[in-house]
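Asker: Structure, please.
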Amino acid sequence: MTNIVIGSGPAGRLASYELGKIGEDVTLIEKNHIAGTCLNEGCMVICALSDISKFIDSNKRFNEYGFIKSQIDVSYDKIVAKITETQEKLRKLNQMENESVGNTIIYGEASINDNEVEVNNESIEYDKLLIATGARPLIPDVKGSKYGLTNKDILKLDDIPEKLNIIGGGIIASEVANIFSTLGSEVNIIVRSRFLKEIDKDTQEYVLKNIMNDINILEGTDIVECGKNKVITADGDELEGIPFFATGRVANSEIAKDFVDINPDNTIKVNEFMQTSRENVYAAGDVTGGWKLTPVARMEGICAARNMAGYLNKVSYNSIPQTISLNTEVSFVENEKIGNDVKTETIAIPGIGGPGAFWHILTGDTGYCKIEFDSENNKIKKINDISPSSPSDLAYLSYLMRIESPLEDYSEFLEVHPSTDTNYKIIKNLWL
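Answerer: Numbering: from 1, shown residues only. Now for the predicted structure:
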């Protein structure tokens with residue numbers, strides 16, 4: 001049976017690899033670079049730059065404490081060069097991984113017909129097809145929007161911008177703002193509603209006070225025009241600085257137009273098996289909408305691959321953990337199965353001097369954690385956690401939430417000191 005996968009981002013790459021491991025015949029088609037937005041324009045670029053911003057933040061702290069005297073001279077073009085070099089290495093590894101299970105990789109732009117895909121002026125027949133073409137930045141319909149940058153342009157900058165106006169108030173906006181503020185840019189965040197509305201209000205206040213206090217946040221503000229080095233708000237204020245759009249993403253679903261059913265937001269409509277309106281055609285990842293997260297795209301890609309091979313399975317979207325990569329990470333998760341009508345209790349605890357936070361004790365910004373739990377059924381409903389270890393902490397806790405583990409079972413957790421001390425403190429406060 002011949003399987004074709006279009007798109008090699010997290011969904012398509014993992015689906016291809018899974019099919020290859022099962023022993024299926026697979027052709028993976030990629031328009032640009034293997035590994036998609038995550039490696040080439042998104043998550044991994046942010047992670048690389050966040051590592052540098054954290055180093056600068058730590059250096060500043062140690063200088064203030066007086067036991068290190070050093071100055072940092074940042075070369076943005078050299079940072080970009082090393083990120084690019086690393087990306088090239090990872091692309092080779094990702095290609096080798098897929099080829100190691102017998103998959104064929106073709107680079108070119110694909111188009112779809114009833115039972116075949118055309119690429120590079122050749123037609124390839126398929127039995128099963130997976131569309132995993134991802135998404136791209138949404139550009140608002142405002143005057144001068146052509147001057148706005150997006151995450152696709154971060155590695156194209158010649159130098160660190162002197163002033164930056166970030167339009168949007170979600171995770172990408174906050175991460176980009178944190179990076180460039182730490183690198184020395186004067187940053188405004190312009191958001192139509194509330195900044196970081198994804199997280200609890202108390203958690204947001206901690207972030208604004210202790211992590212992003214050098215950034216000017218303009219909530220309840222819209223823009224009407226962009227220039228090459230300015231934005232104009234609906235109130236008539238003119239703010240100097242390069243415009244940067246972090247206003248969401250739009251699905252790359254054009255390839256499937258008039259071929260499968262499309263949702264009103266132009267994402268590809270799929271069922272719980274990642275199957276489209278055509279029985280032998282599947283879709284996964286950002287092109288289907290929903291959670292635009294690399295781990296979810298991977299999960300969906302693997303789910304689609306197994307269904308394509310005849311091993312029926314479904315994806316569970318309950319208790320999906322998320323992290324905001326700032327100088328101190330902010331992670332959050334919610335169990336959607338526990339409704340708002342359930343009686344809950346809330347515990348709020350300060351962070352501790354756990355992994356990565358020891359030197360924060362002197363200034364009192366060790367983090368913050370707020371847990372809401374179902375007091376009748378003894379299960380976690382929601383967690384907002386700020387600490388260097390919060391990504392790994394919530395990965396563990398969200399798993400327990402997904403399998404609906406009662407809180408008393410958490411008491412069996414044994415920490416690896418000091419790497420999971422924060423995890424232990426959260427659990428101790430829940431079950432004692």
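Asker: How far off centre is stretch 110-123?
Answerer: On the basis of C-alpha atoms, centre = their mean, to the nearest Å, stretch 110-123 sits 31 Å off its chain's mean C-alpha point.
Asker: next one: stretch 44-59
Answerer: 16 Å.
Asker: do stretch 5-22 as well
Answerer: 19 Å.
Asker: residues contacting the most centrally placed residue in the chain?
Answerer: Compute the mean C-alpha point of the chain, and by C-alpha atoms, centre = their mean the closest residue is Leu293, 4.7 Å away. Counting by C-beta atoms under 8 Å, 6 or more residues apart in numbering, Leu293 touches Ile320, Gln322. C-betas here are computed from N, CA, C, even on glycine.
Asker: And it, how far from Glu88?
Answerer: From Leu293 over to Glu88 the distance is 25 Å, taken as C-beta to C-beta, to the nearest Å.
Asker: Worst mean pLDDT across the helices and strands of the protein, which element?
Answerer: Among the helices and strands of the chain, helix 421-431 carries the lowest confidence by mean pLDDT, DSSP states H and E, at a mean of 76.
Asker: Which strands or helices does that helix pack on?
Answerer: Packing partners of helix 421-431 (3 or more C-beta pairs under 8 Å, 6 or more residues apart in numbering; DSSP states H and E): strand 344-350, strand 368-374, strand 379-386, helix 390-402.
Asker: Out of those, indicate the one that is most buried.
Answerer: The highest average neighbour count among those, using mean count of other C-beta atoms under 10 Å, belongs to strand 379-386 at a mean of 25.
Asker: Excluding sequence neighbours, find me the nearest residue to Val296.
Answerer: Ile320 (6.4 Å; C-beta to C-beta, 6 or more residues apart in numbering).
Asker: show me the contacts for the one you found.
Answerer: Taking C-beta under 8 Å, 6+ apart, we find Ile320 in contact with Trp291, Leu293, Pro295, Val296, Val333, Ser398.
Asker: Any chance of CSV for the helices and strands packed on helix 421-431, columns distance to Val281 and mean pLDDT?
Answerer: Below are those laid out as CSV (distance: least, C-beta to C-beta, whole Å; pLDDT from 0 to 100):
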stretch, distance to Val281, mean pLDDT
strand 344-350, 42, 91
strand 368-374, 40, 92
strand 379-386, 37, 94
helix 390-402, 29, 92
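Asker: need these in CSV with distance to Cys43, can you?
Answerer: Converted to CSV, these look like this (distance: least, C-beta to C-beta, whole Å):
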stretch, distance to Cys43
strand 344-350, 29
strand 368-374, 24
strand 379-386, 20
helix 390-402, 12
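Asker: Which parts of the chain are helices?
Answerer: Secondary structure of the chain by DSSP state H: the helices cover 10-22, 36-40, 43-65, 76-99, 171-183, 201-206, 294-308, 390-402, 421-431.
Asker: Let's see the fourth one as CSV, backbone CA atoms only.
Answerer: Only the C-alpha atoms of helix 76-99 are listed here, as CSV (Å, rounded to 0.1, in the frame of the first residue of the first chain):
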residue,chain,number,x,y,z
TYR,A,76,23.2,39.2,16.5
ASP,A,77,24.6,38.2,13.1
LYS,A,78,26.8,35.5,14.7
ILE,A,79,23.8,34.3,16.7
VAL,A,80,21.8,33.9,13.5
ALA,A,81,24.8,32.1,11.8
LYS,A,82,25.0,29.6,14.6
ILE,A,83,21.3,29.0,14.7
THR,A,84,21.3,28.4,11.0
GLU,A,85,24.3,26.0,11.3
THR,A,86,22.4,24.1,14.0
GLN,A,87,19.3,23.9,11.9
GLU,A,88,21.2,22.5,9.0
LYS,A,89,22.6,19.7,11.2
LEU,A,90,19.1,18.9,12.6
ARG,A,91,17.6,18.8,9.0
LYS,A,92,20.2,16.2,8.0
LEU,A,93,19.4,14.2,11.2
ASN,A,94,15.6,14.4,10.6
GLN,A,95,16.0,13.3,7.0
MET,A,96,18.3,10.4,8.0
GLU,A,97,15.7,9.3,10.6
ASN,A,98,13.0,9.1,8.0
GLU,A,99,15.2,7.4,5.4
